[in-house]
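Enquirer: one predicted model, sequence on top.
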Amino acid sequence: MESQREFLDEKALVQMNPLEKRIFYWHIANSEYACGAPLEKVSASYWDQNEAIGQFDGRHSLLVDGAQKVVEAIAEDTTILLNKKVHKVKLIHRGVRVSLNDGTELEADKVLVTVPLAMLKKGNIQFEPPLPKRKADAIKRLGAGRIEKIAVAFPRCFWKDLKQKNPPVDYFAHVGPVEQRGLFHTIYDFTNRQDGSPKSFVLMSYVCGKSLEIFDKKTDDQVIKMFIETLRKLFPGKHIPKPVGQMVSRWGKDEDIGMSYSYMAVGSKPEDYDSMAAPVSDRIYFAGEATHRFFPQTMHGSYLSGIRATTWMLDDYLVDHTRSFSTL
Ligand SMILES: Cc1cc2nc3c(=O)[nH]c(=O)nc-3n(C[C@H](O)[C@H](O)[C@H](O)COP(=O)(O)OP(=O)(O)OC[C@H]3O[C@@H](n4cnc5c(N)ncnc54)[C@H](O)[C@@H]3O)c2cc1C
């Protein structure tokens, strides 16, 4: 951000008119959205370290019914205890004991910890013995980023001119004032058109960077009102109908989540992701987006880290249980 200030304001290396400057800051907002943090908190050296290997190719796809469907499919035939909070993970003789807030204690050969990085930072789970320094340092150094999401359902598709373009527009940019650049900078058409005629038409957008300070001071209704004001400016002369539904996420305030996704904070190193993933004593394993060096911040990173960790667990389990044969 220092070099950006120099570039634009102090040394005025590049002369921009007010519109060009707003468009430049739109791109800054887009990076702050991707990183989940204001740019001054992000490592200039490593912010995109994950791209050291090729990312997935192909078209983007939109989960219009939400990620729940994916989770449900993966969870099929699995026993899941809901509304149980882990507060302690302790290594015991040949295994691990997990203590839940309701007093239940569970014992297993091995456990997999998948709580968000923000919860590890807060120390919500006590590890006994404490986590090794390398992992504790990585937890401190990596950033727990935040963006929030809003969605509004309308009875009419007042943006249908955009849908009639060839190819149809699925999302569009909003170039707002520089100081509110993270407020609804991109707006997505989230209408579910899979079942024929949609019953309502949905627009979804994000809040990121410093604009979260504005968002945090507003109620859900006030946030939606600001969004509708933005739409009025983007579609002058169009009547914006009264919404028939709305949602506003508050991931930052959720006491079990507290973040959206990790980022390379100033002072963090790419190896911190490897330290996050490293098992402890071949009995406590870690997965989740903040453990995947090459696909952090994503659902697929989280999924792949789970496959990786369970493979390590099974490998180690087999080693543990075949050792008697190999030492004959
Ligand atoms: C607004 C937004 C937009 C996003 N857009 C995309 C996108 O377009 N594409 C994409 O791939 N990714 C996207 N992501 C990121 C993606 O959602 C996350 O990277 C992913 O969900 C992280 O999965 P996870 O399993 O690591 O953590 P989580 O899904 O956060 O799961 C961790 C679980 O641990 C539970 N937990 C916490 N504490 C405890 C405890 N003490 N005991 C027991 N359980 C506990 C939590 O309740 C939670 O269920 C987005 C995220 C946000 C917020």
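Expert: Great, that's in hand.
Enquirer: and residue 277, how many residues sit next to it?
Expert: Residues lying near residue 277 (other CB atoms under 10 Å) number 21. Any C-beta I mention is one placed from the backbone N, CA and C, and that applies to glycine too.
Enquirer: and the closest residue to it other than its chain neighbours, how many neighbours?
Expert: Sequence neighbours aside, residue 291 is the residue nearest to residue 277 in space, at 4.0 Å (criterion: CB to CB, 6 or more residues apart in numbering). Neighbour count of residue 291, defined by other CB under 10 Å: 28.
Enquirer: flag every residue of the stretch 1-150 of the chain that's near the ligand.
Expert: Taking CB under 6 Å from any ligand atom as the contact definition, the stretch 1-150 of the chain meets the ligand at 85, 86, 114, 115, 116, 119, 124, 125, 147, 149.
Enquirer: would you list the buried entries among the residues you listed?
Expert: Among these, the ones that count as buried by 16 or more other CB atoms under 10 Å are 86, 114, 115, 116, 119, 124, 125, 147, 149.
Enquirer: what helix or strand does residue 212 sit in?
Expert: helix 211-216 (DSSP states H and E).
Enquirer: in a markdown table: the residues of the stretch 1-150 of the chain next to the ligand, plus secondary structure.
Expert: Compiled in a markdown table, those are given as follows (DSSP: H, G, I helix; E, B strand; the rest coil):
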| residue | secondary structure |
| --- | --- |
| 85 | coil |
| 86 | strand |
| 114 | coil |
| 115 | coil |
| 116 | coil |
| 119 | helix |
| 124 | coil |
| 125 | coil |
| 147 | coil |
| 149 | strand |
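Enquirer: do stretch 253-268 and the ligand meet?
Expert: Yes - with CB under 6 Å from any ligand atom as the criterion, the ligand is reached by stretch 253-268 at 256, 257, 260, 261.
Enquirer: what average pLDDT does that stretch get?
Expert: Computed over stretch 253-268, the mean pLDDT rounds to 98.
Enquirer: now do stretch 200-212
Expert: Rounded mean pLDDT across stretch 200-212 is 97.
Enquirer: do you know the pLDDT at residue 48?
Expert: 94.
Enquirer: now do the strands in the stretch 101-250 of the chain.
Expert: Using DSSP state E, counting those that start in this stretch, the strands of the stretch 101-250 of the chain run over 105-108, 111-113, 126-128, 143-144, 148-154, 171-173, 183-189, 201-207, 245-248.
Enquirer: what's the host helix or strand of residue 72 in contact with?
Expert: Residue 72 belongs to helix 68-75 when assigned by DSSP H and E. Applying CB atoms under 8 Å, 6 or more residues apart in numbering, the contact partners of helix 68-75 are 63, 299, 303.
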